[in-house]
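Student: Here is my input; please provide its structure:
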Amino acid sequence: MKTMEKSDKIIDDLQRIILMLSRENTQMKARIEVLERELSRYKTKKDSSNSSLPPSKDDNRPLRTSSLREKGGRKAGGQPGHDGNTLKMTDNPDEIVEHRACFCPECGKDVSSQPFEYFGKRQVIDIPVIKQIVTEHRVYRCTCTCGKVVESDFPVDVDSPVKYGKGIESLIGYLSVRQYLPFKRLQEMLSDIFAVQISEGGLHCLLKRLASKGVDAYEMIRQNVLSSGVIGTDETGVKVNGKKHWFWTWQNDRATYIAASDNRGTNTINENMSGISGEAVLVHDCWKAHFQTPVGSHQLCTAHLERETKYLEERYKEDWPVRFRTMLKKAHELKKQLTPPLYYYPNQLRADLENELEGLLHESLDPRHKEMISFQKRITKYRDHVFTFLYHPDVPANNNASERAIRNVKVKQKISGQFKILSAAENFAILRSIIDTAIKNKQNVVGALSVIAAYKRN
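Tutor: Take a look at the predicted model:
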């Protein structure tokens, strides 16, 4: 009897152990599945070729074969029919130096009195020695016959005993904001080439002075963008005294408005885009704050979507992202074929693309592919903004222009380092807006900054 009880106890213990091990096995399998999903994320890394990450975040530069750009089949270099460029002579040289022989190299006779015939010319283009020019302004007084002492006045812009002029002011703005020179190298250049000695504090003051003169032009640029029918926007992070800040841009084909901000939310949009056209189409990525802008419609950047689908393809080895990207490419081809009147009438090819999009969004995906499902849900939410560019002739399919407008901030930081104070970032935003707008309108950048430097605010 005791033997049977002992056997039953052993069996009960073994059953409990088996049950415990079974539960642990189930838990371990679930844990392994989670870890495998996490590991797969690291196996398929995001970089600039398959996501919205900038190239600066890449561990190594991606190979050309991973680029979305397809090869055109043309050889590198100039193409057949391309007109070459060479250094050309000017019709109005600043100086002419005539060369006449004095002696005959054959017999040694003096030929200086012989009649000479012009037979050729060559030109040398050079830069004269640059030196600073100091202009002294003197004022005088005299006594009128009535006894009144009459004094002359200094010019309005000559408001201190010694100051730097507008030429130096615009040059510093150009070298710092357009050419991204850090202050140390800017000081060295001014000293070595122009023999001008300016302290770091002096450079700060000159940039601030130039930016303050450009405030009215900056507001004109903002108003131009606000009234535009198509507006591109983007934002990027920037360090100000070690803290995360943001640079925003809103731009069109004629103007670029850039603003520095301490946040990435709707507060910045409300502060800078108050009065934006309610009929405008806003082109941007899927950052949620942009959808709070009170405009008529939106266009998602299809370049962002293509990079995302490339990442999803690499990670999950499924054809759904490939088909999504192929659909976008067909839309781009249709855009090239559309002429202005066709945008406003029913189009079967456009309808087919919209039906294809609906089919992709309603397609069941593998529940294990979390990021692909998340992408599908996001596009479902914003489905009305995928093909806006096929309904408006002036709306681009991508937001590349805004990315170019904001990229200069990252270049500035890579070369010159972070901004020390927010006002320095704001000065950069003002001057860069003026510079980029001048470039879009094919104006000389130094000339545009010179106009700003000479501007007198009321």
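Student: in the protein, which spans are strands?
Tutor: Assigned by DSSP state E, the chain shows strands spanning 141-143, 149-151, 230-240, 243-251, 256-261, 281-284, 297-300.
Student: Run through who's touching the second one.
Tutor: When contacts are taken as Cβ atoms under 8 Å, 6 or more residues apart in numbering, the neighbours of strand 149-151 outside the stretch itself are V139, Y140, R141, C142, T143, C144. Every C-beta, even on glycine, is put in place using the N, C-alpha and C of the backbone.
Student: looking at the strands of the chain, which is closest to A438?
Tutor: strand 256-261 (9.6 Å; Cβ to Cβ).
Student: Could you list the paired strands of the closest one along with their orientation?
Tutor: Paired strands of strand 256-261, with direction, are strand 243-251 (antiparallel) (DSSP bridges).
Student: got the angle between the partner strand and strand 230-240?
Tutor: Using axes from the mean of the first three to the mean of the last three Cα atoms, to 10 degrees, the inter-axis angle of strand 243-251 relative to strand 230-240 is 160 degrees.
Student: Mind picking the one among the contacts of strand 149-151 that's closest to A211?
Tutor: Closest approach between the contacts of strand 149-151 and A211, by Cβ to Cβ: V139, at 30.1 Å.
Student: Just to check, the closest one is in contact with V158?
Tutor: No. Between V139 and V158 there is no contact, the gap being 9.7 Å when judged by Cβ atoms under 8 Å.
Student: Which one of these two is surrounded by more residues?
Tutor: Between V139 and V158, counted using other Cβ atoms under 10 Å, the more crowded position is V158 (15 against 10).
Student: which residues does the more buried one contact?
Tutor: By Cβ under 8 Å, 6+ apart, the contact list for V158 reads H137.
Student: what about it, distance to H137?
Tutor: To H137, V158 is 5 Å away according to Cβ to Cβ, to the nearest Å.
Student: K336 is nearest to which of the strands of the chain?
Tutor: strand 297-300 (16.6 Å).
Student: residues making contact with the closest one?
Tutor: With Cβ under 8 Å, 6+ apart as the test, strand 297-300 has contacts from 281-286, 290-291, 382, 384-386, 388-389, 395-397.
Student: that older thread, okay, the strands of the chain in TSV with mean neighbour count, distance to A211 and mean pLDDT next?
Tutor: Listed next are those as TSV, based on neighbours: other Cβ atoms under 10 Å; distance: least, Cβ to Cβ, whole Å; pLDDT from 0 to 100:
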stretch	mean neighbour count	distance to A211	mean pLDDT
strand 141-143	9	37	95
strand 149-151	9	34	94
strand 230-240	21	16	96
strand 243-251	22	15	97
strand 256-261	25	11	98
strand 281-284	25	27	98
strand 297-300	21	32	98
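Student: Need these in a markdown table (columns: distance to E36).
Tutor: Output for the strands of the chain, formatted as a markdown table (distance: least, Cβ to Cβ, whole Å):
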| stretch | distance to E36 |
| --- | --- |
| strand 141-143 | 90 |
| strand 149-151 | 87 |
| strand 230-240 | 32 |
| strand 243-251 | 34 |
| strand 256-261 | 41 |
| strand 281-284 | 35 |
| strand 297-300 | 32 |
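Student: Just the pLDDT for P62.
Tutor: pLDDT for P62: 49.
Student: swap that for L342, sorry
Tutor: pLDDT for L342: 89.
Student: Helices of this protein, residue ranges please.
Tutor: Using DSSP state H, the helices found in the chain span residues 2-43, 166-173, 183-194, 200-213, 215-226, 266-272, 302-316, 320-337, 348-362, 370-381, 400-416, 422-440, 445-454.
Student: and the third one with helix 166-173, angle?
Tutor: The directions of helix 183-194 and helix 166-173 differ by 140 degrees, with the same axes, to 10 degrees as the criterion.
Student: got a list of contacts for helix 183-194?
Tutor: So helix 183-194 is contacted by 130-132, 168, 172, 175-176, 181, 196-200, 203, 416 (Cβ under 8 Å, 6+ apart).
Student: Any buried residues in stretch 440-456, and which?
Tutor: Buried residues in stretch 440-456, counted by 16 or more other Cβ atoms under 10 Å: K440, V445, V446, A448, L449, S450, V451, I452, A453.
Student: Can you give me the neighbour number for the spatially closest residue to the fifth one that is not a sequence neighbour?
Tutor: Counting by Cβ to Cβ, 6 or more residues apart in numbering, the nearest residue to L449 once its immediate chain neighbours are dropped is S170, at 4.0 Å. By other Cβ under 10 Å, the residues close to S170 number 23.
Student: ok, so what distance separates S170 from E219?
Tutor: For S170, the distance to E219 - Cβ to Cβ - is 20 Å.
Student: How about G108?
Tutor: Relative to E219, G108 is positioned 76 Å away (Cβ to Cβ).
Student: Please verify my assumption that A289 contacts R264.
Tutor: Yes. Using Cβ under 8 Å, A289 is in contact with R264, at 6.6 Å.
Student: circling back to that earlier point, mean pLDDT lowest for which of the helices of the chain?
Tutor: Among these, helix 2-43 scores lowest, at a mean of 78.
Student: Tell me the helices and strands packed up against it.
Tutor: The contact analysis (3 or more Cβ pairs under 8 Å, 6 or more residues apart in numbering; DSSP states H and E) places helix 2-43 against helix 302-316.
Student: 6 Å instead?
Tutor: Contacts defined by 3 or more Cβ pairs under 6 Å, 6 or more residues apart in numbering; DSSP states H and E place helix 2-43 against no helix or strand at all.
Student: the inter-axis angle of it versus helix 302-316?
Tutor: Interaxial angle, helix 2-43 versus helix 302-316 (the same axes, to 10 degrees): 140 degrees.
Student: what separates helix 2-43 from the chain centre, distance-wise?
Tutor: 56 Å (Cα atoms, centre = their mean, to the nearest Å).
Student: Grab the nearest non-local neighbour of E403.
Tutor: D234 (5.7 Å).
Student: Over to P182?
Tutor: In space, P182 comes closest to S416 once its chain neighbours are excluded; the distance is 4.0 Å by Cβ to Cβ, 6+ apart.
Student: ok so, going back, neighbour-wise, which of the contacts of helix 183-194 leads?
Tutor: I172 (25 neighbours).
Student: looking at it, it is touching H204, isn't it?
Tutor: No. Using Cβ atoms under 6 Å as the test, I172 is too far from H204 to be in contact (10.1 Å).
Student: related to what we said a few turns ago, looking at the strands of the chain, which is nearest to R457?
Tutor: Nearest of these to R457, taken as Cβ to Cβ: strand 256-261 at 19.4 Å.
Student: could the buried residues of stretch 440-456 be laid out in a markdown table, adding distance to N408?
Tutor: Listed next are the buried residues of stretch 440-456 as a markdown table, based on distance: Cβ to Cβ, whole Å:
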| residue | distance to N408 |
| --- | --- |
| K440 | 13 |
| V445 | 12 |
| V446 | 17 |
| A448 | 16 |
| L449 | 15 |
| S450 | 20 |
| V451 | 21 |
| I452 | 18 |
| A453 | 21 |
